[in-house]
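Q: Model the structure of this input:
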Amino acid sequence: MARYKNETALKTLGLRIKAYRIKAKLEILDLVVMTGFSYNTISDIENGSETSISYFIGICFALGIHPKEMMDIEFDIKSTYSLTPDRLEKSRLTQRIKALIQNGYFKDPRSTTDVTKNLIEIHKLDFASKNVSVILTRFATTNILNVTKKGNRNLYSVR
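A: Residues are numbered from 1 along each chain as shown. So this is what the prediction gives:
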C-alpha cells in the first residue's frame, strides 16, 4: 500500500502555522528556541511537508494556540476508499451478534443456523451463514463465547 499524504491539508496547516508565527512577530529561530526542534523541521512544516502529530502540537503550544484551533479549517471530509458492501455487512453483523450476546441470546447454546435465522428475522437481511460462522468462531477464540460440539455442529454459548 502506498504511503498516504494529504498535501492540501499539510500545505494549509503549514500556511496557518506560518501566519500565526508572523502575527506573533516571531521568527523561525524563535520557535527553534521555544520548541527545541530544528530550523529545518519548522521550516519544512510551514512549507507543507509531512510531520508528526507531536511536532505539530509542540509548535502550536509554542505559539500559544490550541491544536484544535489551528485545525479549524474547512476540509472536504471524505474517506480515501469506501467500504465494500461485503465488508460493511460483516461489520454490521459483528455489532448485531455482539448485541445478541449482551442481551442474553446465548444463555442457551445456539448454532450458526440459529443465529443466522434470528438475524434474518430481526433485521430482514440476506447474507451468508458462513459470515456468521466466522464471527462466532472469532468470539469463541477470544473467549467471549464458549463452543461445544453436538455431532458435527458447533454450539455457541456465553462463558
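
Q: what packs against the helix or strand of the chain with the lowest mean pLDDT?
A: The helix or strand of the chain with the lowest confidence, counting by mean pLDDT, DSSP states H and E, is helix 85-102 at a mean of 86. Applying 3 or more C-beta pairs under 8 Å, 6 or more residues apart in numbering; DSSP states H and E, we find helix 85-102 packed against helix 112-123, helix 129-141. In this view, the C-beta of every residue, glycine as well, is placed from N, C-alpha and C.

Q: now what about the first one, what contacts it?
A: Pointing back at helix 112-123 there. 93, 96-97, 100, 105, 110, 125-127, 129, 132-133, 136, 153-154, 156 (C-beta atoms under 8 Å, 6 or more residues apart in numbering).

Q: one step back: how big is the angle separating the least confident helix or strand of the chain from helix 129-141?
A: 50 degrees (axes from the mean of the first three to the mean of the last three C-alpha atoms, to 10 degrees).

Q: tell me the contacts of Lys149?
A: Taking C-beta under 8 Å, 6+ apart as the test, what Lys149 contacts is Leu155.

Q: where does it fall, helix, sheet strand or coil?
A: strand (DSSP: H, G, I helix; E, B strand; the rest coil).

Q: mind checking how far it is from Leu155?
A: Here Lys149 is placed at a distance of 7 Å from Leu155 (C-beta to C-beta, to the nearest Å).

Q: For the closest residue to Lys90 other than its chain neighbours, give me its contacts.
A: Leaving aside its chain neighbours, Lys90 sits nearest to Asn131 (5.8 Å; criterion: C-beta to C-beta, 6 or more residues apart in numbering). Asn131 makes contact with 89-90, 93, according to C-beta under 8 Å, 6+ apart.

Q: Pull up the gap between Asn131 and Phe56, please.
A: With distances taken as C-beta to C-beta, Asn131 is found 40 Å from Phe56.

Q: Can you tell me which of the contacts of Asn131 lies closest to Leu63?
A: For the contacts of Asn131, the closest approach to Leu63 (C-beta to C-beta) belongs to Lys90, at 44.4 Å.
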